[in-house]
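Asker: turn this into a model:
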Amino acid sequence: MKISLLTDGIFPYVIGGMQKHSYYLVKYFAQRGVYVDLYHTNQSKLDITKYELFSEDEKKFINSFVIPFPKAGKLPGHYIKASFAYSKAVFEQFKMQEPSDFIYAKGFSAWKLIEEKKKGFNCAPIGVNFHGYEMFQKQPNFKSFLAAKFLFQKQVLFNVNNADFVFSYGGKLDDLIKSIGVPAKKIISIPTGIEDSWLVHEPSINSTQKTKFLFVGRFERRKGVEELKKGLLLLKDNLNFEFHFVGPIPEANKLKLPHVFYLGSITDVEIMKAKVKEMDVLVCPSHSEGMPNVIMEAMASGLAVIATDVGAVKLMVGESNGVLLQSSNPTKIASAIEKLSKLDKNILQQLKLSSIEKVKNNFLWTKVIDETILKIKTCFAQKN
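Answerer: Alright, predicted model coming up:
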């Protein structure tokens with residue numbers, strides 16, 4: 001089987017959740033003997049020709065096409081224009097290659113190809129993946145709402161309505177995708193995954209009296225950092241816990257509290273793994289998400305989780321391994337932190353152990369890729 005994977009980049013040459021997911025797709029397709037025509041770009045200073053994160057055996061199944069991503073500019077709408085221009089460049093490269101059995105497209109990367117297929121261009125079935133569909137989820141403020149509605153929704157609707165199939169991570173995302181007009185028979189529902197190397201056999205034991213909480217992410221409005229900050233201020237007199245932030249939090253937005261620590265960005269994977277394992281609970285209070293890698297990594301590392309019920313998060317988080325919040329409300333966030341900080345250590349260990357078991361049983365890439373291949377084969381069999 002041969003798959004054309006159209007992306008706007010793969011990790012580590014482009015940083016982001018979508019790009020990391022794309023990297024794992026390529027890697028595990030290759031491990032299963034699936035040939036991949038990979039269309040991607042490079043926004044790093046790394047030598048993309050080396051592909052150091054792939055083994056020599058994996059490289060035998062990967063045919064790579066590196067395409068420059070146009071500069072987006074700063075005015076509203078420029079990213080959309082740049083994305084369409086990139087999809088045109090991808091299409092020009094794509095149409096010169098031998099046909100594939102299925103086309104897996106990330107974001108807007110198949111936009112031009114979908115246009116041409118509507119006009120009669122002959123190609124394999126196209127499945128598109130917009131991951132979290134955040135532009136259709138609840139927005140944290142009016143500015144974000146306007147940007148989502150007028151800059152993204154129309155273009156996303158064109159892509160998903162005219163593709164042959166639409167990928168979803170499941171959970172609330174299935175319902176969301178149906179709500180924007182995509183028939184259920186077009187939806188391919190598959191969770192994301194994580195590598196075995198993240199998985200621990202047992203959660204670490206925190207020998208201190210204080211429960212250690214962790215936030216990992218960018219300082220981005222939809223990530224709920226402002227609500228988390230307000231929640232922590234409600235607990236400023238409760239010193240029964242520590243809170244650690246990993247990510248580029250601006251100095252002006254840092255809390256000056258003795259039990260709150262800012263570690264900055266951590267780019268080294270092994271250092272990050274070690275830091276996560278020191279913690280007890282991940283807090284992910286986002287207003288919108290797909291199926292966050294950070295939650296998967298924390299669970300595999302043996303952490304309990306506090307997270308909002310957005311995207312496919314409820315597939316990962318529940319009473320057995322943490323607290324699923326109904327919204328990014330500061331009071332609710334504070335209440336959840338306080339609740340877990342006061343738990344008996346043995347009960348907290350059970351929550352942490354449950355996270356590991358959930359990952360082991362449902363979300364390892366070795367299992368996810370087999371499900372992906374099976375469903376893709378079913379798709380192009382239907383079209384033939």
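Asker: residues in contact with the helix or strand hosting I177?
Answerer: Secondary-structure assignment from DSSP states H and E places I177 in helix 172-179. Residues lying outside helix 172-179 but in contact with it, judged by C-beta atoms under 8 Å, 6 or more residues apart in numbering, are 132-133, 136-137, 160, 166, 168, 184, 187, 189, 290-291, 309-312, 314. The C-beta positions use only the backbone N, C-alpha and C, and glycine is treated the same way.
Asker: phi first, then psi, for the residue lying farthest from the centre of the chain.
Answerer: When distances are taken from the C-alpha mean of the chain, D237 lies farthest, 34.5 Å away, according to C-alpha atoms, centre = their mean. Comment: the main-chain dihedrals of D237 come out as phi -100, psi 0, following degrees, to the nearest 10.
Asker: quick one: the helices in the stretch 101-250 of the chain?
Answerer: Remark: helices of the stretch 101-250 of the chain, listed N- to C-terminal, are 111-118, 142-147, 154-162, 172-179, 225-234; assignment by DSSP state H, counting those that start in this stretch.
Asker: can you put those helices in JSON lines and add mean pLDDT and mean neighbour count?
Answerer: Putting the helices of the stretch 101-250 of the chain into JSON lines (pLDDT from 0 to 100; neighbours: other C-beta atoms under 10 Å) gives the following:
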{"stretch": "helix 111-118", "mean pLDDT": "98", "mean neighbour count": "20"}
{"stretch": "helix 142-147", "mean pLDDT": "63", "mean neighbour count": "12"}
{"stretch": "helix 154-162", "mean pLDDT": "95", "mean neighbour count": "17"}
{"stretch": "helix 172-179", "mean pLDDT": "93", "mean neighbour count": "17"}
{"stretch": "helix 225-234", "mean pLDDT": "95", "mean neighbour count": "20"}
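Asker: including distance to A274, could those helices go into JSON lines?
Answerer: Output for the helices of the stretch 101-250 of the chain, formatted as JSON lines (distance: least, C-beta to C-beta, whole Å):
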{"stretch": "helix 111-118", "distance to A274": "41"}
{"stretch": "helix 142-147", "distance to A274": "35"}
{"stretch": "helix 154-162", "distance to A274": "38"}
{"stretch": "helix 172-179", "distance to A274": "32"}
{"stretch": "helix 225-234", "distance to A274": "23"}
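Asker: among those, which comes closest to H78?
Answerer: The minimum distance between H78 and those falls on helix 142-147, with 12.3 Å, by C-beta to C-beta.
Asker: if we can go back for a sec, from the contacts of helix 172-179, which would you call buried?
Answerer: Among the contacts of helix 172-179, the ones that count as buried by 16 or more other C-beta atoms under 10 Å are 132-133, 136-137, 160, 166, 168, 187, 189, 290-291, 310-312.
Asker: so which of the residues you listed sit within strands?
Answerer: Secondary structure of the buried ones among the contacts of helix 172-179 is defined by DSSP state E; positions in strands are 166, 168, 187, 189.
Asker: how close does the first one sit to N129?
Answerer: Taking C-beta to C-beta, to the nearest Å as the criterion, V166 is separated from N129 by 8 Å.
Asker: over to the third one?
Answerer: When distance is defined by C-beta to C-beta, I187 is 11 Å away from N129.
Asker: can you pull the residues that touch both of these two?
Answerer: Overlap between the contact sets of I187 and N129, as judged by C-beta under 8 Å, 6+ apart, is given by 166-167.
Asker: measure I114 to I126 for me?
Answerer: Separation of I114 from I126 (C-beta to C-beta): 6 Å.
Asker: between the two, which contacts overlap?
Answerer: Each of A163 lies in contact with both I114 and I126 under the rule C-beta under 8 Å, 6+ apart.
Asker: would you turn the buried ones among the contacts of helix 172-179 into JSON lines with distance to V368?
Answerer: Written out in JSON lines, the entries for those read as follows (distance: C-beta to C-beta, whole Å):
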{"residue": "G132", "distance to V368": "17"}
{"residue": "Y133", "distance to V368": "19"}
{"residue": "F136", "distance to V368": "24"}
{"residue": "Q137", "distance to V368": "23"}
{"residue": "V160", "distance to V368": "22"}
{"residue": "V166", "distance to V368": "18"}
{"residue": "S168", "distance to V368": "14"}
{"residue": "I187", "distance to V368": "17"}
{"residue": "S189", "distance to V368": "12"}
{"residue": "G290", "distance to V368": "14"}
{"residue": "M291", "distance to V368": "11"}
{"residue": "V310", "distance to V368": "21"}
{"residue": "G311", "distance to V368": "16"}
{"residue": "A312", "distance to V368": "13"}
